[in-house]
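*Asks:* Here's a sequence, model it:
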Amino acid sequence: MEPSNKIIKALTLVAKIFFIWLLLQFFLQTFVTYRLGLDWTIWKIIRMWKEIIIIGLLWFLGRYFWKNRINTKKSEKNLTPISTHGKNFKEFFTTFPLKNFVRVFLATVVVSFLVSVFINHTGVGTWIMSIRYSMIGFLIFIVFFAISLLFFGTREINIVKRYGRIMKTLLVGSLIWRGILWLIPNLLKFAWYNQWNYEGDVGIAPPAAYYTQYDTGYARNQFLFERPISRWFFLIAFWPLFFVLCFKNRPLRDKIWRGSLYGLAIMSTFSRAAWGVWIIQTIILILMQFPRKYRKIALRWFIPVLLVFGIVTYFWQKQIITREFSNTGHFRLVVEALNKIWEQPLWWQGAWTAWPASHQVEGIKAYNPENQYLQIWLEYGLLWFLWRLYLYSYLHYIAYKSYEEEKNTDSKITKKRKLYGMIVFAFGVGVLWLSIEWLVLQSFVDRMIVYPFMALFAIAYGLYVKEQHTHK
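*Replies:* Numbers count the residues shown, from 1 in each chain. From the prediction side, this is the model:
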């Protein structure tokens with residue numbers, strides 16, 4: 001039984017709402033919470049809309065498999081992901097490309113639940129706060145991949161492509177906002193921002209404008225995002241996708257214009273990590289994507305870019321080099337976290353021992369190691385840490401394996417399949433640099449980043465797998 005067009009259209013609409021509304025949420029949240037002064041419980045529930053959608057999609061998949069259960073047994077070797085329509089869950093899972101990924105995911109979640117509730121007695125609520133940030137990205141990937149494999153087709157790649165067009169609009173808008181901050185700094189108070197509130201706690205104080213230093217007044221460009229750091233996480237995560245969809249195979253003038261626009265957006269965040277990662281990402285993408293003659297041109301440009309970066313670093317060293325906490329604070333936190341882990345290197349210490357649960361549980365001293373690897377090890381121990389590292393490594397594996405399609409000269413490989421493979425590879429480059437930022441920042445805790453990134457990654461990979469099996 002093939003899925004009806006009605007079901008496919010409904011799921012496509014849900015996916016579009018999921019992506020578009022994520023971009024609008026923080027702006028509307030600012031307006032509703034601060035301008036209108038509405039911070040009731042109902043609004044807090046409404047802010048959980050994205051998690052409700054994810055749970056709803058899980059329920060839909062369960063209902064789909066229940067309705068399509070059958071009693072006949074098929075030979076496993078004759079089943080392919082393309083032929084899974086109308087099959088029960090067991091037959092579907094037999095050919096599911098992410099079998100091991102799902103098994104490790106479930107084991108990781110179950111073990112963390114048992115440890116938190118029955119051994120450390122931290123409570124279900126505390127466990128949910130911890131696991132939501134550590135594991136929901138993988139859940140989103142599994143859910144949207146399964147839906148793509150079962151229901152989506154060629155047209156649904158437009159969901160991913162549309163994000164490239166949205167990003168172009170965001171880039172222009174954010175640079176206009178940067179100009180406003182620079183030319184008319186007093187406009188901040190009319191846009192509900194407060195330059196002296198550095199955390200921007202919802203319901204407590206107006207959102208922050210984030211200045212790099214108290215004594216200089218250089219505002220970090222956050223545009224519609226919750227914080228400037230959220231914005232540069234977003235720009236770094238999606239730059240490879242933007243490169244593939246909006247940069248590659250374009251006229252030279254478009255490449256210069258769009259590349260410069262993106263570079264200015266990165267620079268306006270005043271983040272040293274963002275600047276460095278963007279430059280390295282770009283070098284990797286150029287070396288892997290362009291012919292040899294373009295690589296030589298890129299390498300010639302690399303030296304002038306380094307020179308400009310050195311000049312900027314010299315004249316703005318207070319914002320770039322000598323910010324004490326950024327230079328020394330992270331190192332102190334890492335040493336402190338390692339000392340805590342050394343007390344129980346193989347065993348768990350509980351979900352409430354580290355951020356984010358420690359910040360939200362009453363009576364618990366808040367602690368943030370600013371290193372997500374160490375945080376996970378501290379909370380649940382070495383085994384849980386290794387399982388979760390496997391999940392993250394698997395995402396890299398499927399992404400970089402797809403890069404082989406670009407270089408494959410087999411005539412059976414279609415242009416569509418190569419395009420899907422390159423999009424999957426783009427997500428791999430994005431997730432690589434976000435995972436590196438795990439060492440000093442909480443990139444994959446940021447809801448504005450992990451939710452759309454993992455969902456789009458899953459859709460692209462699902463369509464790529466279907467295209468592979470269609471033309472075998």
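*Asks:* tell me what the helix or strand hosting residue 336 is packed against?
*Replies:* Using DSSP states H and E, residue 336 maps to helix 330-343. Helix 330-343 is packed against helix 372-380, with contacts defined by 3 or more C-beta pairs under 8 Å, 6 or more residues apart in numbering; DSSP states H and E. Bear in mind the C-beta positions are built from the backbone N, C-alpha and C, glycine included.
*Asks:* got the angle for the helix it packs on vs helix 330-343?
*Replies:* Orientation check (axes from the mean of the first three to the mean of the last three C-alpha atoms, to 10 degrees): helix 372-380 against helix 330-343 gives 30 degrees.
*Asks:* Just the CA trace of whichever helix or strand comes after helix 372-380, in CSV.
*Replies:* Counting by DSSP H and E, the next helix or strand C-terminal to helix 372-380 is helix 382-401. Below are the C-alpha coordinates for helix 382-401, written out as CSV (Å, rounded to 0.1, in the frame of the first residue of the first chain):
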residue,chain,number,x,y,z
LEU,A,382,32.6,6.4,30.3
LEU,A,383,30.4,3.8,28.6
TRP,A,384,27.5,6.2,28.0
PHE,A,385,30.1,8.7,26.7
LEU,A,386,31.5,6.2,24.2
TRP,A,387,28.0,5.2,23.0
ARG,A,388,27.2,8.8,22.3
LEU,A,389,30.5,9.4,20.6
TYR,A,390,29.6,6.5,18.3
LEU,A,391,26.4,8.2,17.3
TYR,A,392,28.2,11.4,16.5
SER,A,393,30.9,9.6,14.6
TYR,A,394,28.3,7.8,12.5
LEU,A,395,26.9,11.1,11.3
HIS,A,396,30.4,11.9,10.0
TYR,A,397,30.8,8.5,8.4
ILE,A,398,27.6,8.7,6.3
ALA,A,399,28.3,12.3,5.3
TYR,A,400,31.9,11.7,4.1
LYS,A,401,31.0,8.4,2.5
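*Asks:* Show me what helix 382-401 is packed against.
*Replies:* Looks like helix 382-401 contacts helix 99-114, helix 124-151, helix 372-380, helix 415-437, helix 447-470 (3+ C-beta pairs under 8 Å, 6+ apart).
*Asks:* What are the buried residues along the helix holding residue 336?
*Replies:* 330, 333, 334, 337, 340, 341 (16 or more other C-beta atoms under 10 Å).
*Asks:* Redo the residues you listed as TSV? Include pLDDT.
*Replies:* Compiled in TSV, the buried residues of helix 330-343 are given as follows (pLDDT from 0 to 100):
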residue	pLDDT
330	72
333	79
334	80
337	81
340	83
341	83
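*Asks:* Turn these into a markdown table, including distance to residue 373.
*Replies:* What follows is the buried residues of helix 330-343, written out as a markdown table (distance: C-beta to C-beta, whole Å):
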| residue | distance to residue 373 |
| --- | --- |
| 330 | 13 |
| 333 | 12 |
| 334 | 10 |
| 337 | 9 |
| 340 | 13 |
| 341 | 10 |
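*Asks:* so what's residue 266 up against?
*Replies:* Residue 266 makes contact with 232, 235, 236, 274, 275, 278 under the criterion C-beta atoms under 8 Å, 6 or more residues apart in numbering.
*Asks:* How about residue 180?
*Replies:* Neighbours of residue 180 in contact, by C-beta under 8 Å, 6+ apart: residue 187.
*Asks:* Does it lie in a helix or a strand, and which?
*Replies:* Short version, using DSSP H and E: residue 180 is in helix 157-183.
*Asks:* So for that helix, what gets flagged as buried?
*Replies:* For helix 157-183, the neighbour count (16+ other C-beta under 10 Å) marks 157, 159-160, 163-164, 167, 170-171, 174-175, 177-178, 181 as buried.
*Asks:* Mean confidence (pLDDT) on that helix, please.
*Replies:* In this model, helix 157-183 has a mean pLDDT of 82.
*Asks:* Out of the helices and strands packed on helix 382-401, which gets nearest to residue 20?
*Replies:* helix 447-470 (9.6 Å; C-beta to C-beta).
*Asks:* Can you give me the distance of the nearest residue to residue 391 once chain neighbours are set aside to residue 100?
*Replies:* Closest residue in space to residue 391, ignoring its immediate chain neighbours: residue 138 at 5.4 Å, by C-beta to C-beta, 6 or more residues apart in numbering. Distance, residue 138 to residue 100, using C-beta to C-beta, to the nearest Å: 13 Å.
*Asks:* and the two? which has more neighbours close in?
*Replies:* Using other C-beta atoms under 10 Å, the more surrounded residue of residue 138 and residue 100 is residue 138, with 24 against 12.
*Asks:* for the stretch 151-300 of the chain, which spans come out with low pLDDT?
*Replies:* 184-186, 188-218, 290-300 (pLDDT under 70).
*Asks:* picking up where we left off before, ok, which of the helices and strands packed on helix 382-401 comes nearest residue 221?
*Replies:* helix 447-470 (15.0 Å).
*Asks:* Any buried residues in the closest one, and which?
*Replies:* Neighbour-count burial for helix 447-470 [16+ other C-beta under 10 Å]: 447-468.
*Asks:* what's the neighbour count on the residue lying closest to residue 142 once chain neighbours are set aside?
*Replies:* Nearest residue to residue 142, sequence neighbours excluded (C-beta to C-beta, 6+ apart): residue 102, at 6.0 Å. Per other C-beta under 10 Å, the neighbour tally for residue 102 reads 16.
*Asks:* quick one: pLDDT of residue 102?
*Replies:* 92.
*Asks:* Any chance of the contacts of residue 266 in CSV with distance to residue 251 as columns?
*Replies:* CSV is the format used below for the contacts of residue 266 (distance: C-beta to C-beta, whole Å):
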residue, distance to residue 251
232, 28
235, 23
236, 26
274, 27
275, 27
278, 22
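*Asks:* Who wins on neighbours among the residues you listed?
*Replies:* residue 232 (29 neighbours).
*Asks:* what about that one, distance to residue 158?
*Replies:* 27 Å.
*Asks:* go on, residue 382?
*Replies:* 43 Å.
*Asks:* Ok, residue 346 next?
*Replies:* From residue 346 to residue 158 the distance is 48 Å (C-beta to C-beta).
*Asks:* Residues in contact with stretch 460-472: which ones?
*Replies:* By C-beta under 8 Å, 6+ apart, the list of residues contacting stretch 460-472 reads 80-82, 97, 144-149, 152-154, 156-157, 160, 398, 402, 412-414, 416-417, 420-421, 423-424, 427.
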